[in-house]
Each structure stands twice: as structure tokens, then as C-alpha cells.
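> 3D, please:
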Amino acid sequence: MEALEVESASRPQHAVMKLDANQLDPRAIIALARQELAVIQVKAFVSAHLCALLAERAERHGYASYLNVPSVRRIGMAFYETEGREHLVEQYFKEARRHLHDFRSACEPYGSPIDVFRCWLDEIWPYGANLQTLDQRKMFVGLSRMVEAGTTFLAHHDIFSEDAPGRPEAISLQAQFGANVYLQMPETGGALLMWNREIPPAEFDRLRGTEYGLPVEVLGPPDVVVRPDPGDLLIFNSRKMHAVSPGQGKSRLAVSCFVGYRGEQQALTCWS
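Residues are numbered from 1 along each chain as shown. Here you go, the predicted model:
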């Protein structure tokens with residue numbers, strides 16, 4: 001796996017835009033939606049002091065395994081975990097406000113990085129950025145996720161219309177981005193790996209079988225490798241296949257959400 005990362009990292013990284021928070025404007029979001037970029041990397045989006053504080057508080061709070069991915073742990077509940085089962089959908093919405101409040105409380109007296117990110121999107125995007133709704137109910141945003149040292153995060157894609165089939169809110173998306181704010185990184189590894197190839201959901205389900213994703217070796221060397229520093233924000237096309245290289249030393253802690261894009265003259269939406 002490490003050899004795979006080194007091989008790919010030697011390639012030109014023209015698909016990655018690195019900038020400071022005050023440099024982001026709508027053109028970068030549009031370029032990402034048009035697939036002219038693979039990743040936007042915002043350096044030092046969160047201060048080193050706040051990263052260390054939130055990482056310590058998150059680990060003290062404790063992480064629980066995904067309902068459908070036991071090898072990955074999180075604080076909060078991802079809509080992906082519901083798998084269309086009505087009782088889990090109800091659980092997700094019932095707990096959404098509590099999870100939002102719990103994470104904000106953990107950040108006090110500082111602001112939540114995800115709340116700051118949402119405000120930041122709202123400020124730069126001409127049509128604003130809102131919480132995603134589903135059936136007129138506000139979705140949760142701000143999942144905190146831990147990938148422990150040595151864990152292989154399999155290659156997968158994230159597609160809202162697969163998690164919420166038939167729902168107009170999901171079908172209307174023209175593009176979907178993942179957004180991760182990294183609170184802690186391992187000493188080595190922990191890079192975001194991305195492939196330009198998009199695998200149709202039916203083919204992906206056939207290939208993965210009972211697993212949530214595919215071994216990275218199946219896809220060959222990644223087309224893009226980005227290793228963030230603590231405090232960095234990555235925004236990337238989540239419909240592309242992506243994975244995480246195994247880390248050594250510390251666990252990899254990040255706070256994440258998705259961003260939905262419906263065109264240049266529509267509001268952005270956020271959810272987890």
C-alpha cells in the first residue's frame with residue numbers, strides 16, 4: 001500500500017487546488033462540479049490549537065462503529081447507515097439535533113469547524129448554503145470519524161441518490177462533494193486516494209459483494225493522492241472512487257459532511 005502511494009504521489013497533482021480560506025470563491029466550487037478539479041485543499045482552515053483540543057475531546061467522548069461498517073468508527077450517525085430501513089431513518093432524524101448539539105458543546109468556547117464551514121460556504125456562494133432537508137426534515141451535519149492506525153479504508157463512492165433512492169432532494173443533485181476537516185493525522189499514511197474512474201452503482205455493488213468497498217489494489221494506482229495536515233480542509237468529488245491509505249502511529253480524526261450542488265444558480269446543501 002505504501003508503495004502504491006509513493007508511485008502515485010510522483011505524478012503531477014494538477015487536479016488539486018491548494019489555497020487559503022480567504023482565497024476560495026465560487027469559481028473553485030464550479031470547477032469541482034465540472035470535474036476540472038478533483039480536490040480543493042484549504043490549508044490551516046482550523047488552528048493547530050483547536051485541532052488538538054477537539055481531537056482530545058472527541059477521543060474522550062468515544063467513538064462507536066458504523067452500523068454497517070464495523071471497522072470504521074464515528075460520533076454521530078451517517079444517513080448512509082440507514083440503508084433505506086424506515087426505523088433507522090426515524091432514528092437518524094430523531095437524533096440529528098442531539099448530535100449537532102453534542103458536537104457544538106464539545107467545541108465550546110470555540111465554534112464548530114463544520115458550522116464555520118457551512119457559514120463560509122453561505123458567504124461565498126451567491127445563492128447560499130443550507131442544511132439539506134429530506135421529506136421536510138432537517139438532516140444532521142458534522143459526523144466525526146476515526147480511522148485507527150493500520151486500518152485500510154476501502155475504495156468506495158458516496159452518492160446521495162443511492163442512500164435516498166427515489167427522493168427528489170437526492171435525484172436533483174448535479175454533483176456531490178465530500179468535505180473533511182482533519183483534526184489529527186497519523187505520523188505516516190492517512191492520505192486521501194482518488195481515482196478518476198466512476199463506477200456505476202450496480203457494478204460497484206456487484207464487485208464489492210458484502211463489503212462496503214473495494215480493495216485499492218483492484219483499482220490500480222490512484223490518480224490523485226493528497227495527504228492533509230491537521231487543520232486542513234479537503235473538498236472533493238465524492239462520486240469518484242476514493243479511499244484512505246493506512247496510517248501508522250496516531251489515528252486519523254476528521255469532521256465531515258457532504259455538499260450538494262444543483263447548478264450555478266441554486267443553493268448548496270450540507271448533510272452527513
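
> Every contact and neighbour count from this point should use C-alpha atoms.
Fine.

> Tell me where the model's unsure across the protein.
Segments of the chain classed as low confidence (criterion: pLDDT under 70) are 1-14, 59-73.

> Show me the helices in it, by range?
Applying DSSP state H to the chain gives helices spanning 2-9, 26-33, 48-61, 86-107, 113-124, 160-163, 168-171, 201-208, 216-219.

> can I get these in TSV with distance to Ala191 and mean neighbour count?
Below are these laid out as TSV (distance: least, CA to CA, whole Å; neighbours: other CA atoms under 10 Å):
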stretch	distance to Ala191	mean neighbour count
helix 2-9	8	14
helix 26-33	19	18
helix 48-61	18	16
helix 86-107	25	15
helix 113-124	20	18
helix 160-163	24	17
helix 168-171	29	16
helix 201-208	22	13
helix 216-219	13	14
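
> With respect to Gly190, which of these lies nearest?
helix 2-9 (10.2 Å; CA to CA).

> which residue sits closest to Ala38, ignoring its sequence neighbours?
Closest residue in space to Ala38, ignoring its immediate chain neighbours: Ala15 at 5.1 Å, by CA to CA, 6 or more residues apart in numbering.

> if we can go back for a sec, distance to Tyr261 added to the helices of the chain, as JSON lines?
JSON lines is the format used below for the helices of the chain (distance: least, CA to CA, whole Å):
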{"stretch": "helix 2-9", "distance to Tyr261": "29"}
{"stretch": "helix 26-33", "distance to Tyr261": "7"}
{"stretch": "helix 48-61", "distance to Tyr261": "28"}
{"stretch": "helix 86-107", "distance to Tyr261": "22"}
{"stretch": "helix 113-124", "distance to Tyr261": "12"}
{"stretch": "helix 160-163", "distance to Tyr261": "11"}
{"stretch": "helix 168-171", "distance to Tyr261": "10"}
{"stretch": "helix 201-208", "distance to Tyr261": "19"}
{"stretch": "helix 216-219", "distance to Tyr261": "27"}
